[in-house]
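*Asks:* from the sequence below, what's the structure:
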Amino acid sequence: MFLPAFHYRNNAEYINQSIQQFGLTNCMLICENDIEGDDANFKAIAELAAVSLITVNDPGRNRSLNRYIRGLQKVY
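*Replies:* Numbers count the residues shown, from 1 in each chain. Coordinates of the predicted model:
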């Protein structure tokens, strides 16, 4: 099974364009734990229907990020 994955590092525009350009679905988003809770670009990407799984390298270090992702029900 092939699962397209993107590493998020302030590159929301690139990720969004790639998903649209290639018609991707069921994508994984990989991110670090240093994302701020008010990062609108991250939230815009995380909430896309094409993104089905999100993984954080160390989810215990950023509880608000972990809660947000769990609320989206996209935890890997």
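*Asks:* can you give me phi and psi for residue 8?
*Replies:* Reported as degrees, to the nearest 10, the phi and psi values for residue 8 are phi -80, psi 120.
*Asks:* the spatially closest residue to it that is not a sequence neighbour and residue 23, how far apart?
*Replies:* The spatial neighbour of residue 8 that comes closest, neighbours along the chain excluded (C-beta to C-beta, 6 or more residues apart in numbering), is residue 31 at 4.3 Å. All C-beta atoms are positioned from the backbone trio N, CA, C, and that covers glycine. Distance, residue 31 to residue 23, by C-beta to C-beta, to the nearest Å: 23 Å.
*Asks:* more neighbours: those two, which one.
*Replies:* Shown here are residue 31 and residue 23; by other C-beta atoms under 10 Å, residue 31 has more neighbours (22 against 7).
*Asks:* contact partners for that one?
*Replies:* 7, 8, 9, 42, 54, 55, 56, 57, 65 (C-beta atoms under 8 Å, 6 or more residues apart in numbering).
*Asks:* is it bridged to anything, and to what?
*Replies:* Assessed by DSSP bridges, residue 31 has beta-bridge partners residue 8, residue 56.
*Asks:* how close does it sit to residue 42?
*Replies:* Using C-beta to C-beta, we find residue 31 at a distance of 7 Å from residue 42.
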